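[1] All I have is the shape, not the residue letters:
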């Protein structure tokens, strides 16, 4: 039996995130335009990358290289330095959180990357009960609401239970260098603007460890010891990056297909996980690309359209519709079908898997249209949104977070990103503004944690 743990995207959101599969983590509510960075993407690493005598500098570099090596994308990332070591005392000088660190700037031009060597920063944001379980959090935390251009991002990686240097309290949790690198790769995907994916769900949840290489990097389940495979982006991950940051020849050298998903009454249906699979049996799992119907819908609509990019020219693809895994709920789920707030949970959006009778032959630079689906026993979904002036954020919700100590009961939770805990201690620091954005949105950064016993 696989020893699997859930990568949990918890609680509080930074910006509205309605896209699933390889789509963007967030879209502009009014237009459905994806939120992404202007290239090159700059990130600023703290100066202290030594974890109790073990350097993690190479692990961070290796993780970023997994994304920059993707030839389908034009992604360009530049490495900078904060010039200072970050700990729980000064973290609020650099990281923003509307409750834990509300005084930090959203427009300072700094995108901090922090290694939390003992889990104290995670405890500040997530509560002491989650000090060892939350592996990290990362996201775009503010953007220009008119253009969708990202303004600030941040990431924290928890090294408290890194193999050979674990601290007291980790218990049986111990992660190899490959495991730790894979967490960084996954969280960096969120920092770049990607959401979780659901491809090859069966391979992630069976008892066969030999097929773990089929699990995508952005899949929300981690198999302990599978870091070597998990850290290497699969086809769906690569196309996801190309969707946001395509190489100059991506569109002209690959094919795409599109269609509309409707329920039995003919209403467009949001939240079906659409997958194009290579019809060659040996490639059906490795050349599989997904997209959620209605992923780019403007807020408050029930658009059921989808478009799958990155098809290999000359190959044939089947197209299937599947429901989102019913276990992906609330803060570990895939918004807008995660059961948070007024969003329906995936258990209420289940239907029988369906495969189109149409096989698509991919042609470079061309699109196959009209690959439509009508799903029995479904209903349309309207995505709730909240807009306050030029600031866009997901609606807040009341959510009970289990196993938090009394000091950590001040919890605010909303759609996709990280549990946000109010801090009793305000850090003292001064900062300068290095650039501005016209308008922006903020709340908190996205986190993934380990929840045993999935």
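    That came through, no problem. Just so it is clear, the model here is predicted, and its values are computed rather than measured. Residues are numbered from 1 along each chain as shown.
[2] Residue 346 is in contact with residue 329, correct?
    Yes: the criterion here is Cβ atoms under 8 Å, and residue 329 meets it with residue 346 at 6.3 Å. In this view, the C-beta of every residue, glycine as well, is placed from N, C-alpha and C.
[3] who's more crowded, the two?
    Taking neighbours as other Cβ atoms under 10 Å, residue 329 and residue 346 compare with residue 346 leading, 22 against 18.
[4] And that one, its phi and psi?
    phi -60, psi -20 (degrees, to the nearest 10).
[5] how near is it to residue 292?
    Residue 346 sits 11 Å away from residue 292, going by Cβ to Cβ, to the nearest Å.
[6] which residues of the stretch 151-300 of the chain fall in helices?
    Counting by DSSP state H, counting those that start in this stretch, the stretch 151-300 of the chain has helices at residues 177-192, 201-205, 227-230, 235-244, 250-253.
[7] could those go into JSON lines alongside mean pLDDT, mean neighbour count and distance to residue 77?
    JSON lines is the format used below for those (pLDDT from 0 to 100; neighbours: other Cβ atoms under 10 Å; distance: least, Cβ to Cβ, whole Å):
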{"stretch": "helix 177-192", "mean pLDDT": "93", "mean neighbour count": "24", "distance to residue 77": "8"}
{"stretch": "helix 201-205", "mean pLDDT": "87", "mean neighbour count": "17", "distance to residue 77": "28"}
{"stretch": "helix 227-230", "mean pLDDT": "90", "mean neighbour count": "20", "distance to residue 77": "20"}
{"stretch": "helix 235-244", "mean pLDDT": "96", "mean neighbour count": "25", "distance to residue 77": "11"}
{"stretch": "helix 250-253", "mean pLDDT": "98", "mean neighbour count": "15", "distance to residue 77": "18"}
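[8] could those helices be laid out in JSON lines, adding distance to residue 373?
    As requested, these are exported to JSON lines (distance: least, Cβ to Cβ, whole Å):
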{"stretch": "helix 177-192", "distance to residue 373": "28"}
{"stretch": "helix 201-205", "distance to residue 373": "18"}
{"stretch": "helix 227-230", "distance to residue 373": "31"}
{"stretch": "helix 235-244", "distance to residue 373": "19"}
{"stretch": "helix 250-253", "distance to residue 373": "25"}
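[9] among the ones you listed, which is nearest residue 38?
    Across the helices of the stretch 151-300 of the chain, residue 38 has its closest neighbour in helix 235-244 (11.3 Å, Cβ to Cβ).
[10] can you list the domain ranges for the chain.
    The chain breaks down into these domains under automatic domain parsing: 4-241+387-451, 249-375.
[11] weakest of those domains by average pLDDT?
    The stretch with the lowest mean pLDDT among the domains of the chain is domain 4-241+387-451, at a mean of 75.
[12] next one: that one to chain centre, how far?
    Relative to its chain's centre, domain 4-241+387-451 lies at 8 Å (Cα atoms, centre = their mean, to the nearest Å).
[13] From residue 375, how far off is the residue in the chain sticking out farthest from the centre?
    No residue in the chain sits farther from the centre than residue 265, which is 32.5 Å out by Cα atoms, centre = their mean. For residue 265, the distance to residue 375 equals 11 Å [Cβ to Cβ].
[14] And residue 261, how far from residue 362?
    20 Å.
[15] actually residue 94, sorry about that
    45 Å.
[16] Which residue is the nearest non-sequential neighbour of residue 352?
    residue 376 (7.1 Å; Cβ to Cβ, 6 or more residues apart in numbering).
[17] surely the one you found meets residue 351?
    Yes: applying Cβ under 8 Å as the test, residue 376 and residue 351 come out as touching, 6.7 Å apart.
[18] So for these two, which residue has more residues nearby?
    Comparing residue 376 with residue 351 by other Cβ under 10 Å, the one with more neighbours is residue 351, at 17 against 9.
[19] hang on, isn't the more buried one packed against residue 326?
    No: between residue 351 and residue 326 there is no contact under Cβ under 8 Å: 11.5 Å.
[20] Enumerate every residue touching residue 192.
    Contact analysis of residue 192 by Cβ atoms under 8 Å, 6 or more residues apart in numbering lists 36-37, 41, 67, 75, 241, 244-245.
[21] Which pair of those spans the longest distance?
    Counting by Cβ to Cβ, the most remote pair of the contacts of residue 192 is 36 and 67, 13.4 Å apart.
[22] related to what we said a few turns ago, overlap in contacts of residue 329 and residue 346?
    338-339.
[23] So what's the residue count around residue 78?
    Using other Cβ under 10 Å: residue 78 sits among 10 other residues.
[24] Can you give me the separation between it and residue 105?
    Taking Cβ to Cβ as the measure, residue 78 falls 20 Å from residue 105.
[25] How about residue 373?
    46 Å.
[26] Comparing those two, which shows the higher neighbour count?
    residue 373 (23 against 18).
[27] does residue 129 count as helix, strand or coil?
    What DSSP: H, G, I helix; E, B strand; the rest coil gives for residue 129 is helix.
[28] buried set for stretch 307-323?
    Of the residues in stretch 307-323, those buried by neighbour count under the rule 16 or more other Cβ atoms under 10 Å are 307-312, 315, 317-323.
[29] Ok, stretch 257-267 next?
    Across stretch 257-267, burial judged by 16+ other Cβ under 10 Å covers 257-263.
[30] Of the residues you listed, just say which sits nearest to residue 169.
    Nearest to residue 169, judged by Cβ to Cβ, of these is residue 261 at 46.4 Å.
[31] Could you tell me which residues make contact with the closest one?
    268-269, 272, 274, 293-294, 304-306, 321, 372-375 are the contacts of residue 261 under Cβ under 8 Å, 6+ apart.
[32] The same query, at a cut-off of 10 Å, please.
    268-272, 274, 292-294, 303-306, 321, 354, 371-375, 378 (Cβ atoms under 10 Å, 6 or more residues apart in numbering).
[33] With residue 369 instead?
    Residues in contact with residue 369, defined by Cβ under 10 Å, 6+ apart, are 256-260, 307, 360.
[34] what about the strands in the stretch 151-300 of the chain?
    Shown for the stretch 151-300 of the chain, the strands assigned by DSSP state E, counting those that start in this stretch span residues 221-223, 254-263, 273-278, 288-292.
[35] Need the winner for burial among these.
    Burial of the strands of the stretch 151-300 of the chain is given as mean neighbour count (mean count of other Cβ atoms under 10 Å); strand 288-292 ranks first at a mean of 27.
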